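[1] Sequence plus the predicted model coming up.
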Amino acid sequence: MSSHRGVSHRPSHRRGRPRRQGRTYLVGTLVATGLLGSAAFFLDGRSDASSRAPHPRSLAPATPTPTPSPPTQNPTPTPTPTPTPTEIDVPSTGAGTFVTARAGGAKVGHGSRPLRYVVKVETGLDVSPTRSADEIADILAAPRGWTRNPAYSFQLVSAGQPHDLTVTIATPGTADALCWAGIQQNTQGEYNCEVPGGVVVNLKRWVKGSPTFGGPIHDYRALIINHEMGHFLGHTHRTCAGPGHLAPVMMQQIKGLHGCIANAWPYDEDGHFVTGPRVQ
């Protein structure tokens with residue numbers, strides 16, 4: 001029994017050694033495989049570093065690259081259009097009815113009794129009765145106007161107020177009718193006139209002035225008012241006193257200056273009355 005046990009023990013001992021070697025080999029193989037796998041992992045990680053996107057949590061917020069703006073160019077300035085003067089329509093004739101300006105003013109001049117006047121404009125025209133009345137009041141109050149004479153004074157009064165004369169602005173056709181009815185004068189659609197009880201201003205002259213008179217339209221309007229008001233005050237037509245002289249305000253300057261200088265005022269800058277030979 002003892003020898004049987006001993007015989008059987010040696011063979012099992014011999015067989016166990018190869019097993020240990022096999023285990024050692026297996027462990028070595030596994031270790032080597034693990035090392036190779038680790039090396040492969042690290043090599044694989046390095047090879048994909050440039051091709052694999054990092055984990056989203058590791059990304060910093062992306063800052064968009066600004067698109068460069070084109071260089072600023074100074075735009076070509078748009079030229080400012082030159083304002084066109086407002087053209088007032090001048091119909092050949094009108095309604096024949098009138099609107100009286102609701103305007104008034106203080107007495108101007110030194111005369112003891114002012115000539116009170118109202119201003120009327122034919123209905124439907126592109127002319128403001130109030131603005132026209134104010135412009136006429138400025139003309140009559142000017143230092144070179146009729147108030148330079150201490151005997152004269154004027155006062156603009158409003159519609160419905162007592163007055164001594166009327167200044168009427170009317171179309172050429174209506175002005176002709178009023179001038180003919182008042183003094184049997186043919187104004188030919190071109191001229192102004194003085195009639196009993198007032199002055200008639202042709203709209204064409206008020207708007208367009210005269211081809212013989214240069215300067216602002218306000219100056220020509222001053223000539224109209226001063227000439228016709230001069231008639232109302234009793235002054236008659238005069239002509240040029242000589243080449244280079246101021247034309248008298250009582251001269252019909254629209255019919256030619258005859259060597260005189262166009263002038264809208266009864267008095268010159270030194271306060272002298274501008275006159276000339278009486279028209280025969």
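    Perfect, I can see it now. Quick caveat: nothing in here was measured; it's all calculated off a predicted structure.
[2] Please name every helix or strand in contact with the one helix or strand Val200 maps to.
    Here Val200, judged by DSSP states H and E, is contained in strand 198-202. The contact analysis (3 or more CB pairs under 8 Å, 6 or more residues apart in numbering; DSSP states H and E) places strand 198-202 against strand 165-170, helix 172-183, strand 193-195, helix 217-232. (Glycine included, C-beta is placed from N, CA and C.)
[3] contact partners of that strand?
    Residues outside strand 198-202 that contact it (CB atoms under 8 Å, 6 or more residues apart in numbering) are 117, 165-170, 172, 175, 178-179, 182, 187, 189-194, 224-225, 228-229, 231-232.
[4] Which helix or strand lies directly C-terminal to that strand?
    Under the assignment DSSP H and E, the closest C-terminal helix or strand after strand 198-202 is helix 203-208.
[5] What residues of that next one count as buried?
    For helix 203-208, a neighbour-count test (16 or more other CB atoms under 10 Å) marks 203-207 as buried.
[6] Quick one: list the elements packing against it.
    strand 165-170, helix 172-183, helix 217-232.
[7] by how many degrees do the longest one and strand 198-202 diverge?
    Meaning helix 217-232. Taking axes from the mean of the first three to the mean of the last three CA atoms, to 10 degrees, one finds that helix 217-232 is oriented at 150 degrees with respect to strand 198-202.
[8] Mind listing the strands the longest strand along the chain pairs with, and their directions?
    Secondary structure of the chain per DSSP state E: the longest strand is strand 115-122. With DSSP bridges as the test, strand 115-122 is paired with strand 98-100 (antiparallel), strand 153-156 (parallel), strand 165-170 (parallel).
[9] Looking at those strands, which is nearest to Val274?
    Val274 lies closest to strand 153-156 among these, at 19.5 Å (CB to CB).
[10] So what touches the closest one?
    103-119, 133, 136-137, 140-141, 146-147.
[11] In ChimeraX, how would I select just the buried ones from those?
    Applying 16+ other CB under 10 Å to these, the buried members can be selected in ChimeraX as follows:
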select :103,105,107,108,109,111,114,115,116,117,118,119,133,136,137,140,141,146,147
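[12] hmm, back to that, and the strands paired with strand 115-122 as JSON lines, adding distance to Asp89 and mean pLDDT?
    Shown next, in JSON lines, are the strands paired with strand 115-122 (distance: least, CB to CB, whole Å; pLDDT from 0 to 100):
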{"stretch": "strand 98-100", "distance to Asp89": "16", "mean pLDDT": "98"}
{"stretch": "strand 153-156", "distance to Asp89": "26", "mean pLDDT": "98"}
{"stretch": "strand 165-170", "distance to Asp89": "14", "mean pLDDT": "98"}
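[13] So which of those strands is nearest Gly259?
    strand 165-170 (31.1 Å).
[14] quick one: buried residues of that closest one?
    Applying 16+ other CB under 10 Å to strand 165-170 flags 165-170 as buried.
[15] before we move on, what about stretch 138-154?
    Applying 16+ other CB under 10 Å to stretch 138-154 flags 138-142, 144-148, 152-154 as buried.
[16] wouldn't Ala247 be in contact with Ile254 here?
    No. With contact defined as CB atoms under 8 Å, Ala247 does not count as touching Ile254 (10.8 Å).
[17] higher neighbour count, the two?
    Neighbour totals were compared for Ala247 and Ile254, and Ala247 leads with 26 against 19 (other CB atoms under 10 Å).
[18] Against Pro129, how distant is Val201?
    Val201 sits at a distance of 12 Å from Pro129 (criterion: CB to CB, to the nearest Å).
[19] Compare those two (neighbour count), which wins?
    More crowded of Val201 and Pro129, by other CB under 10 Å: Val201, with 25 against 22.
[20] List the contacts of the nearest residue to the more buried one once chain neighbours are set aside.
    When the adjacent residues along the chain are set aside, Val201 lies closest to Ile169, with 4.7 Å between them (CB to CB, 6 or more residues apart in numbering). By CB under 8 Å, 6+ apart, Ile169 lies in contact with 119-122, 125, 127, 132, 201, 203, 206.
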